[in-house]
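Q: what's the 3D shape of this:
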Amino acid sequence: MTYQETLDYLFNSLPNFQRIGASAYKKDLSNTIALCNHLGNPERQFKTVHVAGTNGKGSSSHSIASILQMAGYKTGLYTSPHLKSFTERIRVNGIAIPENDVVLFVKENKAFLEELKPSFFEMTVAMSFWYFAKVKVDIAVIEVGMGGRLDSTNVILPEVSLITNIGYDHMQYLGDTLPLIAGEKAGIIKPNVPVVISETHPETQSVFIEKAKSCSAQITFADQIWSISNGALINGKANYAASNTAKKLAIEFELIGYYQRFNLPGILESIEVLKKKHWNISDDAVLEGLAKVSTLTQLKGRWQILNQNPTIIADTGHNEAGITEILKQLKTYHYEKLWMILGMVNDKDVAKILELLPKSANYIFVQAQIPRALAAEKLAEEALKFRLKGKIIPDINEAIQFARKKAKANDLIFIGGSTFVVAEIEDL
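A: Sure thing, here's the model as predicted:
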C-alpha cells in the first residue's frame, strides 16, 4: 500500500474517537496490551515521561520533550490529535515519523490489526511504541489521550508522571465532578513512580494524595514549590521569573499563551524529578528548551499569531477552563472590534462555553469537516440564546477570508472553539 492508501485504511477501518466520538471509545486496556505483546513489548525498551491533565498536557509534553532534546537526549514525543498530518503524533527530536515507517507498521501488522480490531487511538499508541523502540530513543514523552486510568498509553512504567490540571471535559466518559475526573487522571500514578501535579485544587488534592499513598509514590504539588511571576511579552516570547528555594530562572517561553504560566511549575518540577534520577539536564538546557519549544517540536495552535493588521490569533482551547483563559488574554490586547470565528464538536456542553463569550464580538460560526463537528447552523442557534449574533459560514477558511475583508487594521480576529477548527486553517 502507498502512504495515502495506508492512511485511508487506518481512518476508515479503525474506530476513530477524534472523528466519530463515543462509538470509538474503549473502556479497558486489553487491546493495547494485546498489541504491545504482539509487537514484543516495545514500551519496555525505552524510558518514558507520562503526562495527563484536562488542559496543558500537550504544551507540557512538548516543553519537556524540547528540554530533554536540548539536554542531548534522543527524545520521542507522542501526542494527539494531530493538526495537519497524521505523522505529527509521533516525533523523535522534533522530526515526524517517516511515512514509509507508517506504511511498514501497517504492512507488518495488518493481519493482526484486522483480527484484533483495535481503535484508531490504540493502534497509534502501539505504533509510537514500536517506532520509538525501532529508532532507539533514550526517553519518550507520552501524552495521555483522555482520562488516564483506562487510556491506551497507560501501559508504560515512566520515570515521572505529570498531571497538569483538572477541569470539566469529556464528562460523559470521566465523570461529572472534579474528584471523579481527578480519579481517572490519577490512574496514571504507578507504584514507586514520582508524580507531579501542576496545579493544587482543593476539590482534587486529596484524590491525588490518597492515590499516591496507595502506590507508595512520592507526590509533589508543583505550584507549591515554584513561584512564577511576570509573563511580559518581549521580542515575541513570554518572559517569566521562576524560582524555588534553590534557584531562580529567567525564562523566555516560546509559548506565549497567558495560560502557560499554570503549566510552567509542572514542567520545571518534572525536570527536577528527572535530575534526581540522574538524568543530566542543565539549567541552560531548560532555558533553551523553553525558548525554542515550538521550533524544536513543531508545536502549533497554542496562542499562535497568524497575522498583524488585523491581528489574527488561533488557539486550540476548547473547554470551559481553556476558553476562560483565552478570554482573559484577549482582554490584554488593544483592538477596535473583536471577531470570533467559532466551531465546536457535538459532544461538548456548548452552553457552558457560550455563556462565557463576549456579546459585543462579531461571530462567524463554522464547522470542521469531521463527523463529530457540531453543525454551524446549530451552533449559531445555541449562541443566539446567549445573545451572540453573527454569520454562518461553515467553511473555516472562507470564514477567515470574510473576516479579513470586513475587519479593520486595528481589529482582532480569533479562531478557535475546537482543535479541529484550528487544524483546518490553511495558513497554520
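Q: in the protein, which residue is closest to the centre?
A: The centroid of the chain falls nearest to residue 58 when counting by Cα atoms, centre = their mean (2.8 Å).
Q: got the contact list for the residue nearest to it when sequence neighbours are not counted?
A: Residue nearest to residue 58 in three dimensions, not counting chain neighbours: residue 79, with 5.6 Å by Cβ to Cβ, 6 or more residues apart in numbering. In short, each C-beta sits where N, CA and C put it, glycine included. By Cβ atoms under 8 Å, 6 or more residues apart in numbering, the residues touching residue 79 are 58, 61-62, 88-89, 143.
Q: can you do 10 Å?
A: 51, 57-59, 61-62, 65, 88-91, 128, 141-145, 297, 299 (Cβ atoms under 10 Å, 6 or more residues apart in numbering).
Q: What of residue 94?
A: Per Cβ under 10 Å, 6+ apart, neighbours of residue 94: 62, 65-66, 69, 75, 77, 292-299.
Q: repeat that for 6 Å
A: Each residue near residue 94 by Cβ atoms under 6 Å, 6 or more residues apart in numbering is listed here: 296-298.
Q: Any regions of the stretch 201-350 of the chain where pLDDT drops low?
A: Residue ranges of the stretch 201-350 of the chain with pLDDT under 70: none are present.
Q: Please enumerate the strands of it.
A: All strands of the stretch 201-350 of the chain, identified by DSSP state E, counting those that start in this stretch, fall at 219-221, 227-234, 237-243, 248-253, 304-307, 311-314, 338-342.
Q: Just say which of those is most tucked in.
A: Among the strands of the stretch 201-350 of the chain, strand 338-342 has the highest mean neighbour count (mean count of other Cβ atoms under 10 Å), at a mean of 24.
Q: would you list the strands of the stretch 201-350 of the chain in CSV and tack on distance to residue 98?
A: As requested, the strands of the stretch 201-350 of the chain are arranged in CSV below (distance: least, Cβ to Cβ, whole Å):
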stretch, distance to residue 98
strand 219-221, 38
strand 227-234, 36
strand 237-243, 31
strand 248-253, 30
strand 304-307, 26
strand 311-314, 28
strand 338-342, 34
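Q: so which of the ones you listed gets nearest residue 203?
A: Nearest to residue 203 among the strands of the stretch 201-350 of the chain is strand 219-221 (13.7 Å), distances taken as Cβ to Cβ.
Q: by contact count, what packs against that closest one?
A: Secondary-structure packing of strand 219-221 (3 or more Cβ pairs under 6 Å, 6 or more residues apart in numbering; DSSP states H and E): strand 195-197.
Q: Next, the buried residues of stretch 108-122.
A: 109, 113, 116, 118-122 (16 or more other Cβ atoms under 10 Å).
Q: Repeat that for stretch 266-283.
A: Neighbour count says stretch 266-283 has 266-274, 279, 281 buried, by 16+ other Cβ under 10 Å.
Q: Next: stretch 91-101.
A: 91-94, 96-97, 99, 101.
Q: ok, for residue 31, nearest residue in space, not its chain neighbours?
A: residue 118 (4.3 Å).
Q: My error: substitute residue 64 in the last question.
A: Using Cβ to Cβ, 6+ apart and skipping residues adjacent in sequence, the residue nearest residue 64 is residue 141, 5.2 Å away.
Q: which residues touch that neighbour?
A: 49, 61, 64-65, 77.
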